[in-house]
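Novice: Generate coordinates for the sequence data below:
(one chain, ligands or ions: 1)
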Amino acid sequence: MSKRPLNVGLVGGGGGAFIVNPHQKAIFFDGTRRVTCGALHPDPQVAMSEAEKWPYPIKGYRNYDEMIEEESKKPRGEGVDYILIVTPNFVHYDPAKKALEKGIPVFCEKPLTVTSRESKDLADIVKAKNIPFCTAHTYLGHWTSRLSRHIVRSGLIGQVRWVDAYYIQGWLAGRTEDMGVMQAEWRVDPKRAGASCCGGDIGTHALMQLRYVTGLEPVRVSGFIETFVQGRQLDDHFTAYCELNNGGRALVRASQIAIGHKNDLGIEVNGDKGTLIWRQEDPECVKIHLPGQPDRVYWRGEVKANDGFLGDLPADLMAEPTIPSGHPEAFHDAFARLHRCFEADVRAYQEGTYKGTDGSKYATVDDGHAGLVFVEKVVESSKNNHAWVDVKF
Ligand SMILES: NC(=O)c1ccc[n+]([C@@H]2O[C@H](COP(=O)([O-])OP(=O)(O)OC[C@H]3O[C@@H](n4cnc5c(N)ncnc54)[C@H](O)[C@@H]3O)[C@@H](O)[C@H]2O)c1
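Specialist: Got it, this is the predicted structure:
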């Protein structure tokens, strides 16, 4: 018999919001999840009218306190099975904490919170309650990110020496925040975005890609937090030179003033036997360079085990649902893969069989916390004349 679809409650997402859209498509993707309710706006009246305008019927709430309170009282199957938080950074911690305290799993946008004190608090609650929590680092959901992780972590390109993890954009090259773009307004406001604009917003994605693909951690960092657009309180250019826990080096860099770049997230991993390159704007393939050999390009859907470079491939990687190669997968598929994996953990949690997540399918609350710690350390180093600062997640 088919399982009932899981019910998802939204915190944020009304009034022309951005990231709620890919999420709500991803929630619907498999037919096994649906949005059932939402507190979509900070103004209670607007929240209710935005819920009325939702493309299909959902229950509107005046605010997320009411939603969490009411939904948690309902019997299983009628209330929310998890909540999705898609508000600006300063409205992540409070709803996440309140939902977790009611035993509701949380899927939360990044950066996880505004301070590492808050993110640590969430991580502690998740650990104490053993409850599913996903930090929405989208790009882990690409099948090719999973393949990259397998290739690097199984040693196929040797010992990692040097990693360049980057996320380059150009949309804040001018004073976008003065042009009525709400997404820019709150991102450059320290009260709503946190200690860093560029680092928190997209540097954390680059860091996560590094940690996810290589399994390595920065242990020391020298940081540069820079603001090119005059009058802006927060950075629009973020550079962190890192020492890794295997003795290798990495650059985690992000920019929002590089005109022409859109969502240019990528990673290049240089090992002592070869190099791996992955780019989210070209997400259907992974490129491998080996000395003295023709370059290899691995296209999703065309990857075969034991081809002279790859050995056996993990069964769970090969079993992940994808469409035939040549029909491009991209951003929405990545989001859907995260929600699909999270759904499995939520169902296990409800059945009493959830044993925690190892971070191989989506970013955890600890990964979200790592992002906050990292950004704070880079800011500290930058203020201290770029001195090397120890990092411990
Ligand atoms: N994972 C990704 O790839 C990705 C991409 C973009 C944004 N994000 C993150 O998603 C979050 C939202 O970003 P966005 O660009 O969609 O922002 P946005 O400004 O487009 O949307 C924010 C939404 O939150 C609502 N909101 C604000 N305060 C609220 C409150 N107290 N109660 C209920 N709703 C409230 C707003 O009305 C709006 O609907 C941010 O944390 C951002 O960093 C992640």
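Novice: so what's the residue of the stretch 101-250 of the chain found nearest the ligand closest to, chain neighbours aside?
Specialist: For the stretch 101-250 of the chain, the residue closest to the ligand is Glu109, as judged by CB to the nearest ligand atom, at 3.5 Å. For the C-beta atoms, the positions are set from N, CA and C on the backbone; glycine is no exception. Once flanking residues are discounted, Glu109 sits nearest to Ala136: 4.8 Å by CB to CB, 6 or more residues apart in numbering.
Novice: For Val46, what are phi and psi?
Specialist: Dihedral angles of Val46 (phi, psi; degrees, to the nearest 10) stand at phi -70, psi -40.
Novice: Packing partners of the longest helix anywhere in the chain?
Specialist: For the chain, the helix with the greatest residue count under DSSP state H is helix 331-351. Judged by 3 or more CB pairs under 8 Å, 6 or more residues apart in numbering; DSSP states H and E, helix 331-351 is in contact with strand 6-11, helix 20-28, strand 106-108, helix 143-153.
Novice: would you turn these into JSON lines with mean pLDDT?
Specialist: Below are these laid out as JSON lines (pLDDT from 0 to 100):
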{"stretch": "strand 6-11", "mean pLDDT": "98"}
{"stretch": "helix 20-28", "mean pLDDT": "97"}
{"stretch": "strand 106-108", "mean pLDDT": "99"}
{"stretch": "helix 143-153", "mean pLDDT": "98"}
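Novice: Redo the ones you listed as JSON lines? Include mean neighbour count.
Specialist: Below are the helices and strands packed on helix 331-351 laid out as JSON lines (neighbours: other CB atoms under 10 Å):
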{"stretch": "strand 6-11", "mean neighbour count": "26"}
{"stretch": "helix 20-28", "mean neighbour count": "21"}
{"stretch": "strand 106-108", "mean neighbour count": "26"}
{"stretch": "helix 143-153", "mean neighbour count": "22"}
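Novice: if we compare the ones you listed, which one ends up closest to Cys37?
Specialist: Closest approach to Cys37 among the helices and strands packed on helix 331-351 (CB to CB): strand 6-11, 4.7 Å.
Novice: In terms of helix, strand or coil, where does Lys287 fall?
Specialist: strand (DSSP: H, G, I helix; E, B strand; the rest coil).
Novice: For the closest residue to His339 other than its chain neighbours, give me its contacts.
Specialist: When the adjacent residues along the chain are set aside, His339 lies closest to Ala26, with 4.8 Å between them (CB to CB, 6+ apart). Contact partners of Ala26, counting by CB atoms under 8 Å, 6 or more residues apart in numbering, are 332, 335-336, 338-339.
Novice: which one of these is nearest Cys198?
Specialist: For these, the residue nearest Cys198 by CB to CB is Phe335; the value is 22.3 Å.
Novice: ok, the spatially closest residue to the closest one that is not a sequence neighbour to the ligand distance?
Specialist: Distances taken as CB to CB, 6+ apart put Ala26 closest to Phe335, at 3.6 Å, once the chain neighbours are dropped. As judged by CB to the nearest ligand atom, to the nearest Å, Ala26 and the ligand stand 11 Å apart.
Novice: phi, psi of the residue of the stretch 101-250 of the chain closest to the ligand?
Specialist: Note on Glu109: backbone dihedrals following degrees, to the nearest 10 are phi -70, psi 160.
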